[in-house]
Every structure is written in structure tokens, then in C-alpha cells.
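*Asks:* below are the sequence and a predicted model for it; my questions follow.
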Amino acid sequence: MQVHLKVKRYDPEAGDEAPRYSHYSIDVPEYATVLDSLLQVRDYEDGTLALRYSCRSSICGSCALRINGRAYLACKTKALDMMRDGEEIVVEPMGNMPVIKDLVVDMAPFWSKVQQIGPWLQPTGPEPAREFLVSHAAMMDLAKTMNCVWCGACVSDCTVLEVDKSFIAPAALAKAYRFVGDPRDGMSKERLEELSSVAGGIWDCTRCNICVEVCPKDVRPMDRIMQLRELAVEAGITNHTGVRHGDAFARSVRHLGRLDEVRLLPESVGFWNVPRLLGELPGALRMLRAGKLPWSHALLPWRHQIPSIRQVQRLFDSVRRERKGVSR
Amino acid sequence: MRYAFWPGCVSKGACPELYESMVKTSAKLGIELEELYDGNCTGAGVISEHEPELADALNARNFALAQKLGLDLINICSTCQGVQSLAQEKLDRDEAYRAKINAKLAEEGLEYKPGLTIKNFMWLLVEDYGLDKLRGQVTRPLAGLRCGPFYGCYILRPSRILGMAEHPERDQYLERIIEAVGAQPVDYEGKNKCCGFPILTNNRKNSLAQAGTHLAEAQDLGADCLVTPCPLCHLNLDAQQPSAAQVIEKELHLPIIHLPQLIGLALGIDPKELRMDRHVVGTQKVLDKVLAKVGA
């Protein structure tokens, strides 16, 4: 099978001022992975190509890179699946991390974020006489997160990290869940407080799902971030715009059966937050002028309630009553 | 063609032009809409953060209302689609969970049975209506209009719940529709990324930097406008565009068109009826290009 590769090259140490692309056409068997193809290029076509890899069996997490614009493990991805009508397969280094050479990135920012969350168990209280016993169910929940192989694919494609380097980002936040959710950890509340208040914490995730999509181990980092949010609220760590936004959202759906967009912003940032509200005023006036500020939802709510609003309210109350009963 | 129609909160709130253009465009296409006037908000992925079971119950209620009509359910919002698909996957997979939710719906005489078809208008156009038939309906080809697609996260990811196994090309439908109405799709990296809307309240700077980055990229590549099936993306890209321009310190003027507006223009519907005036970023640039072609 003929494979055409377009590989991004960059060697700042050799004086490259900007990245360039090298093109290769090689023959590989149909079962070849993208990593097999790159190794064939390096071994037989161009020995200057730099890439990082080790196990070739999607266990070590070393060979994450971007293929056709998205992060994959090169050893877990068949070249055939990436060929798109015989077109070139575009291979680039991971995003959101500085390039050392060609396809090799500097993982230092990645590891510093993992360090930031305190990635070790912190039990409190007296040591038990024998080993800590953890229920099967609790461990199975954590096992999803423990599958992480630190490949960096989720960090490479994280859309928040693209605009804000302080975001702790999916891999480290998922790891934080691994400890917060561990019954043996004694610092869960302190961890949640830190993760809620620190710049780049759990409330900065946009829920774009890219990390869920690219993770080669189905860790679903974003789902773990959502679990952290849920646990933070349950632990009473609620003084955050993100929490008030969720509360205001649910309140408006219970009230109207649909969203009241006008009340959502002041209720989320706080009616007392005058500077922020004043900052939003020009935008609100722009929307009003364009007929995009549904003020009557807030001022004349009865005109906007859905006909069966009572039924929706009963549904809210019934689900919430049962949830309260369970958590007690 | 008849569908149960969930318009979503935003088309009844901050984007009334989406609702009006959908009504006009689908009538012209011969698609009948049975609106779920009694439907409720899907929770937009926000309610499910704190109260997942409540969010699933609210969605099951909408599904049951559609099933009562015996019709497939359609929406005009990427976010509604993602949230509905996710809730449906949970309900369909777990019989005990479904029974628990149905017990709550029973108070209203409703029941959700697994297997409802839920489609965004974009999917419907390609899979049910057909692009050849759409091409045949075009009376005002949008030739020369350079149009960037902007999908919205929830209609693309997670792909495992969005029917991508059965329809692997759902991530290219917008480009195909843009071509079918005679316009030219503009390819840019931001088309599949996040508009930033979900964090607008708690991290305005990041949110607007995301919107601004994608707008600037498409604008630099010569796009005349973006088209989106998601009104939440529309709000961050259109209503917040002047603020996004300040954040990224770049001049931006890129109209953001709703999908039904794009189709409606190609079907020859009067731009006034499509409420092309209800945009923060004026759409005149688009209309000049589109209407000039007909006059020429």
C-alpha cells in the first residue's frame, strides 16, 4: 500500500526560523500504523526526522502527535484509516506545547500541571492497623481515570489552553478527580476548594468535549471535570460564578419551563457585582438595538411560561426530593 | 415530511430570527413542523453538571411529547442536539434508569420508549431531504459568497453518541450544504472548535478570546460570513463580536448567519422575512453579494 505523508519539520537548534513540511511516499503493508510509517521514513528515507516513541502498543503514551489536525497515538492509528481518498496524511507535533524538534514536543508544561494538583494520596487521621479497604465500586469508578497513559493528546487539543496557559487542562484535572474520588484521600475538600478557586481551575472548562474525543484510553477527562464540579457543589463550595450560573439556569427553567437569558447574567455574576454588570451594559444595549434582548421574559414571565409549567415544576421537585433522600 | 419540532430556548429568546427563518424556510421546503409548545429546556448541559438525573428527566419529557405525536424529533440547535443525544444514550442503555425516569413522567401521563430519532436540521437536510432535492429548490444561488462553517461542539462531540458510526460524514455536512446552495465553503481550523459561550459568565476574557480567534482566522482567509447550526455559538460570535474584537485587539466584521437563513436566502425568500436585520453584526455585506447576483 502506498502512503503519502506530509510531515511538519522544525529544528530551532539548527537555526530553522519557521516550520516547513517534508513530503514522503512509501510502501507499507495495509496493517501499518502511522508510527510504522514514520519509522520507515526515518529508517530508510530521511534519518534526520525526529519523533518520540517506545512501546508501539499504546501502553507507554510516548507517540502522541497530530494526524490530519487531531491528536492521536501514532501506534494506535492505522495509516489506512487516515488516508482520505489517497490524500497525504498530515503529521504534526502536538499542540499547546513548545516544539523541541520536528514531532518531539517539550512536555515540561504538561508535567508542571500534573505537579500542581498534588498527584499523590494524602490520607489523614491515624494509620489503619491493616491495609485500607476500598470498595469495588469506588475502585471501578477510579479505574476509568487510572487508564491515563500521560500521552498529552487531551492537552494538545484542549481549546481553553489555546487561549489561556494557566488552565490546568484535562489530563491533570482528570488526575485530580482520581484523588478527590478516592475514599482513602483525606484532603478531598481542600483539593476541591483549591480547584474551584485557582486560576485555570474546574470552572474554566468550556465542555467542548475535544479531550473526550481524542483520549486514546477513554478516560473522558471532561466527564471527570464535571464530576469534580458536582462534588464541589455537594461539598458546599458554592461561592463561584460557575455554581451561581448553574443555579440560576435551573431556577429559570423551573420558573418558565425555558431559559430566561436576561436574568441569567446578573444572577450568575451577582447583582452586587456592579463593575461587571456595567461592563456588560454596552453589549446589552447592542443586543437590545438588534432585537436580541428578550427583556419580556424577565419582566412579563407569565407570557413566556410553557402551558404545562406546573408539571415541569412537579418533575423538578420529585427528582430533587428523591435525590435529597438518597444523599441523607 | 412531518416532524415534531423543538425550537430550543434561544430561538424563542435572544435569537428570534432563527425561529422565524426556520418557520419560513421549512414551509418553502415543504417540511411540516409540529412544534412542541409544551416542551421544556434541555438544560443545555448546565443542569446536568449539578443534577444529571433532573436533566435526563427533562429531556425524557420532551422525547415522550414527540412520541405522543408519533413523529421524529428535530431541533435547530447544536447544543440541544448534543444534550438530547447524550440523555437518550443513557436512557436507552439502562432499562432500570429509564423505568425510574418514566415513573416520574407517569404523573403527567407520559412515557419515553427507546429508539426515538432525534435530528438537527443540518442532519435532516442531508439525510432525509437530500442535497440533490435542495439544489433543485435553489432559485437564488449564492454564487460568490465565501461562507465559513461553524459547527458548535455538541453536534460533533462526543462522536460515539452522535450517530457518527452510521453517518461518518456528519462533520462535513455544513460544507456540503454551503456548496449545495451555490456558495463557496471557507476552510479554517476554528470551524470545529469551541466558540467559548459556555464560560462567558465566569471567564469572559477566555470566552471572547476563543470567539475572536476563530472569527479573525476566518476573516483573514477571506470569508464573507460564517454559517452555524447553533444559536449559542451565534450569540458569542455575533452579539459578542465587538467585545471579542477588543479582547484580541483586532478589527472584526464578520456576519454570522443561522443555517435556516442561509437556506432561505438561496430559496429566494425575502431577507426581511428571514429577519436578517436582527443581527448585531450587520448582514448587509452578505445581502449585497447575494442580491446583486440576481439583479445581474
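*Replies:* Looks like it came in fine. Numbering: from 1, shown residues only, chains lettered A, B, ... in the order given.
*Asks:* got any ranges where the stretch 1-150 of chain A has weak pLDDT?
*Replies:* Regions of the stretch 1-150 of chain A meeting the criterion pLDDT under 70 are absent.
*Asks:* show me where it has strands.
*Replies:* With strands called from DSSP state E, counting those that start in this stretch, the stretch 1-150 of chain A shows them at A:2-9, A:20-27, A:64-67, A:70-73, A:89-92, A:99-101, A:104-105.
*Asks:* would you reformat those strands as TSV and include distance to chain B and mean neighbour count?
*Replies:* For every residue, glycine as well, the C-beta is placed using N, CA and C. Listed next are these as TSV, based on distance: least, Cβ to the nearest Cβ, whole Å; neighbours: other Cβ atoms under 10 Å in any protein chain shown:
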stretch	distance to chain B	mean neighbour count
strand A:2-9	14	18
strand A:20-27	16	14
strand A:64-67	11	25
strand A:70-73	9	24
strand A:89-92	12	22
strand A:99-101	17	19
strand A:104-105	18	20
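*Asks:* for residue A:288, find the nearest of those strands.
*Replies:* strand A:70-73 (40.3 Å; Cβ to Cβ).
*Asks:* roughly how far is that closest one from the heart of the chain?
*Replies:* 15 Å (Cα atoms, centre = their mean, to the nearest Å).
*Asks:* for it, name the packing helices and strands.
*Replies:* The contact analysis (3 or more Cβ pairs under 8 Å, 6 or more residues apart in numbering or on different chains; DSSP states H and E) places strand A:70-73 against strand A:64-67, helix A:153-157, helix A:210-214.
*Asks:* what about 6 Å?
*Replies:* On a contact count with 3 or more Cβ pairs under 6 Å, 6 or more residues apart in numbering or on different chains; DSSP states H and E, strand A:70-73 meets helix A:153-157.
*Asks:* and the helix it packs on, anywhere near chain B?
*Replies:* No. Helix A:153-157 does not reach chain B (Cβ under 6 Å from any Cβ of the partner chain); its nearest approach is 9.2 Å.
*Asks:* just the CA atoms of that helix, as CSV, please.
*Replies:* The C-alpha coordinates for helix A:153-157 follow below in CSV (Å, rounded to 0.1, in the frame of the first residue of the first chain):
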residue,chain,number,x,y,z
ALA,A,153,-3.3,14.1,23.5
CYS,A,154,-6.1,15.9,25.5
VAL,A,155,-3.7,18.7,26.4
SER,A,156,-2.6,19.0,22.8
ASP,A,157,-6.1,19.7,21.6
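*Asks:* residues in contact with that helix?
*Replies:* Identification of contacts with helix A:153-157 by Cβ atoms under 6 Å, 6 or more residues apart in numbering or on different chains yields A:64, A:71, A:94-96, A:110, A:169-171, A:210-211, A:214-215, A:221.
*Asks:* so what's the residue lying closest to residue A:249 once chain neighbours are set aside scoring on pLDDT?
*Replies:* Excluding the flanking residues, the one nearest residue A:249 by Cβ to Cβ, 6 or more residues apart in numbering or on different chains is residue B:46, at 4.5 Å. On pLDDT, residue B:46 comes in at 94.
*Asks:* in the chain, which spans are helices?
*Replies:* I went with chain A, as the question did not name one. A:34-40, A:108-116, A:136-146, A:153-157, A:169-180, A:188-197, A:210-214, A:221-234, A:241-256, A:261-269, A:274-289, A:295-299, A:309-327 (DSSP state H).
*Asks:* look at chain B instead
*Replies:* Counting by DSSP H, the helices of chain B are B:16-29, B:47-50, B:52-69, B:78-93, B:95-105, B:121-124, B:131-137, B:173-180, B:204-220, B:231-234, B:241-248, B:259-266, B:284-295.
*Asks:* go through the fifth one and flag the buried ones.
*Replies:* Read that as helix B:95-105. Within helix B:95-105, the residues scored as buried using 16 or more other Cβ atoms under 10 Å in any protein chain shown are B:98, B:100, B:101, B:102, B:104, B:105.
*Asks:* dump stretch B:101-115 to CSV, keeping only the CA atoms.
*Replies:* The C-alpha coordinates for stretch B:101-115 follow below in CSV (Å, rounded to 0.1, in the frame of the first residue of the first chain):
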residue,chain,number,x,y,z
ILE,B,101,-37.4,8.4,35.0
ASN,B,102,-40.6,7.1,33.4
ALA,B,103,-42.1,6.7,36.8
LYS,B,104,-41.7,10.4,37.2
LEU,B,105,-43.1,11.1,33.8
ALA,B,106,-46.1,8.9,34.5
GLU,B,107,-47.5,11.6,36.8
GLU,B,108,-48.1,13.6,33.6
GLY,B,109,-49.3,10.5,31.7
LEU,B,110,-46.1,10.4,29.6
GLU,B,111,-43.7,7.6,28.9
TYR,B,112,-40.4,7.5,26.9
LYS,B,113,-39.8,4.4,24.9
PRO,B,114,-36.3,3.8,23.5
GLY,B,115,-35.5,4.4,19.9
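*Asks:* just the endpoints, please. Distance across stretch B:5-20?
*Replies:* End-to-end distance of stretch B:5-20: 13 Å, with Cα to Cα, to the nearest Å as the criterion.
*Asks:* what comes into contact with that stretch?
*Replies:* A:258-259, A:261, A:292, A:294, B:33, B:35-36, B:39, B:41, B:74-75, B:77, B:80, B:231, B:235, B:258, B:275, B:278.
*Asks:* take those residues and keep only those in strands.
*Replies:* Among the contacts of stretch B:5-20, the residues falling in strands (DSSP state E) are B:33, B:35, B:74, B:75, B:258.
*Asks:* I'd like to know how many residues surround residue A:230.
*Replies:* 16 (other Cβ atoms under 10 Å in any protein chain shown).
*Asks:* who does residue A:104 bridge with?
*Replies:* Per DSSP bridges, residues listed as beta-bridge partners of residue A:104: residue A:101.
*Asks:* that one touches residue A:50, doesn't it?
*Replies:* Yes. Under the criterion of Cβ atoms under 6 Å, residue A:104 makes contact with residue A:50 at 5.1 Å.
*Asks:* what sits against residue B:242?
*Replies:* Contacts of residue B:242 (Cβ under 6 Å, 6+ apart): none.
*Asks:* I'd say residue B:43 and residue B:55 touch.
*Replies:* Yes. Residue B:43 is in contact with residue B:55 according to Cβ under 6 Å; the separation is 4.0 Å.
*Asks:* re the thing from before, what is the burial count for the residue nearest to residue A:249?
*Replies:* By other Cβ under 10 Å, neighbour count at residue B:46 equals 25.
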